[in-house]
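S.K.: Below are the sequence and a predicted model; questions follow.
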Amino acid sequence: MSSLTKQDCFIEGHWVPTEKRFAVTNPANGEVITEVADADGDLTQRAINAAETALAKWRTTSTQERAALLRKWHQAIIDNKQALGELMSAEQGKPVAEAVGEVEYGASFVDWFAGEAERINGDILPITDNSKRVMVIKQPVGVCAAITPWNFPNAMITRKVAPALAAGCTIVVKPPQLTPLSSLALAQLASEVGIPDGVINILPTTDSKTVGEILATSKQVRKLSFTGSTGVGKILMKQCAENIKKISLELGGNAPFIVFDDADLDEAAEQLMACKFRNGGQTCISANRVLVQDSVKDEFVKKIVAKVKALNVGPGDKENVDLGPLIDQDAVDKVQRLVISAKSDGATIEAGGSVMTELGDLFYAPTVVSGVTQEMDITQEEIFGPVIAISTFETEEEAVQQANDTPFGLASYFAAKDTARIFRVSEGLEYGMVGVNTGGISHAYNPFGGIKESGIGREGSKYGIDEYLEIKTITLGGL
Ligand code: ADP
């Protein structure tokens, strides 16, 4: 185990053990990596108090000071990217090379928000009444809380913690039970580079309900940022209503990937592969429904099937692996249920379609299903696994209508060449994000977020820091 494998809660700059502990296992082989402290309600309150104490000083540090510390943290993450990637691969399952990629992506938010810290500008408003002058300043929200999911154990932490710190907020993080180790390693590096005690606090726990409720209802916590399922997002939003807490929600998606007949089909297939199989399809922006125009369907399916059959599945620490195991048995059961029910409803399995038992219980074969229709469960639900589900359409209007026919509105994608169509469809899709001729839409400089039941707020980009700032208007009268 590397020195970055930490086992305790991180509160006020100290590693705090608990009597009760829980095991973190490797999904590739079920082996226990280590046992981790299990935070309860008392420790949650202690972490909130620590964040509140640290806030008094942290919010008054200069933006340059905060930016400099964030840049040091960024460098420490990059310097340790291999160890962080290996740790993440062990707890989460994704191939080491992909995990190292996530560490770099996660670090890019720290670097980005170091820059944004230095650009928290206010305004002086035009004079409308000569006896008054009005200034607008931006101040840190205060103590923040973050609740994060297991699919991106590193980047979902940095995407919330970096803008919070840049804005002058302190934070309490509840990482997922399945993958707490990456978050603890990040805290260790933050501490080593001198981010002050209490500014970042981490609470691994098996009792997310209790810890989550305390964070959401605490009067001391002024903002909650959550990434996870829409169901839990709704619970937290209700809890936050108790004291009108500011809230950011990055929830589930049901991303369409539309292939029009004027698209470059080779390029579209390439982009779909990258978009679908990142993290074994376990991302909220994975293409969930692939809508292909009738006239190019056979050709496109042929290209995709060839690519899917060439994918290499195996444990994340093996060389040249494209896909690791799914996160747990529930994930495998869900994927299997959706594929079987699509088949029994009349869809065709073109590739894969089963668990790769020779590798282990959690390895699901990369799968292509064609002949999918709007009513099928595989269309209605988020697959969250390595399955490409293909349906067809005839007209552009029909494609956009089908794409929008969901309560979700996170990511959407389409492939086309015609410029007028590109604008029409981009503007017609009811989504927070549209990828045109690309499956890669997530960067530190892009606003990431959804509409409808996919969430509230944006992360990353110049907009992301606003989630951690309050606007104050100062009106100076009697002039
Ligand atoms: P996922 O499908 O990504 O596991 P969840 O919404 O279940 O989505 O989990 C996302 C995060 O929310 C995890 O950190 C999990 O522990 C936490 N969580 C789950 N249930 C609750 C709850 N009732 N209150 C607060 N947090 C919760």
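M.R.: Cool, got the structure.
S.K.: From here on, just use CA atoms for contacts and neighbour counts.
M.R.: OK.
S.K.: how about the residues of this protein that lie near the ligand?
M.R.: Within the chain, the positions lying close to the ligand (C-alpha under 6 Å from any ligand atom) are 147-150, 175-177, 208-209, 212-213, 228-229, 232.
S.K.: tell me the domain ranges of this structure?
M.R.: The record's domain split for the chain, according to the TED database, is 9-251+454-474, 256-436.
S.K.: Turn the ones you listed into TSV, including mean pLDDT and mean neighbour count.
M.R.: What follows is the domains of the chain, written out as TSV (pLDDT from 0 to 100; neighbours: other C-alpha atoms under 10 Å):
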stretch	mean pLDDT	mean neighbour count
domain 9-251+454-474	98	21
domain 256-436	98	20
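S.K.: Now distance to A444 too, for those domains, in TSV please.
M.R.: Listed next are the domains of the chain as TSV, based on distance: least, C-alpha to C-alpha, whole Å:
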stretch	distance to A444
domain 9-251+454-474	5
domain 256-436	14
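S.K.: residue contacts, the single nearest residue of the stretch 351-479 of the chain relative to the ligand?
M.R.: Checking the stretch 351-479 of the chain residue by residue against the ligand with C-alpha to the nearest ligand atom singles out F384 as nearest, at 8.9 Å. Counting by C-alpha atoms under 8 Å, 6 or more residues apart in numbering, F384 makes contact with 280-284, 286, 288, 331, 335.
S.K.: Same check on M156?
M.R.: Taking C-alpha under 8 Å, 6+ apart as the criterion, M156 is in contact with 106, 148-149, 227.
S.K.: Within the helices and strands, which one has it?
M.R.: Mapping M156 onto the secondary structure by DSSP states H and E places it in helix 155-167.
S.K.: could I get that helix in PDB with only the CA atoms?
M.R.: Listed in PDB are the C-alpha atoms of helix 155-167, where the atom choice follows Å, rounded to 0.1, in the frame of the first residue of the first chain:
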ATOM      1  CA  ALA A 155     -12.500  14.300 -10.200                       C
ATOM      2  CA  MET A 156     -15.900  14.700  -8.400                       C
ATOM      3  CA  ILE A 157     -14.000  15.800  -5.300                       C
ATOM      4  CA  THR A 158     -11.700  18.300  -7.000                       C
ATOM      5  CA  ARG A 159     -14.600  19.700  -9.100                       C
ATOM      6  CA  LYS A 160     -16.300  20.800  -5.900                       C
ATOM      7  CA  VAL A 161     -13.500  21.400  -3.500                       C
ATOM      8  CA  ALA A 162     -11.300  23.500  -5.800                       C
ATOM      9  CA  PRO A 163     -14.000  26.200  -6.600                       C
ATOM     10  CA  ALA A 164     -15.100  26.200  -2.900                       C
ATOM     11  CA  LEU A 165     -11.500  26.900  -1.700                       C
ATOM     12  CA  ALA A 166     -10.900  29.400  -4.500                       C
ATOM     13  CA  ALA A 167     -13.900  31.300  -3.500                       C
END
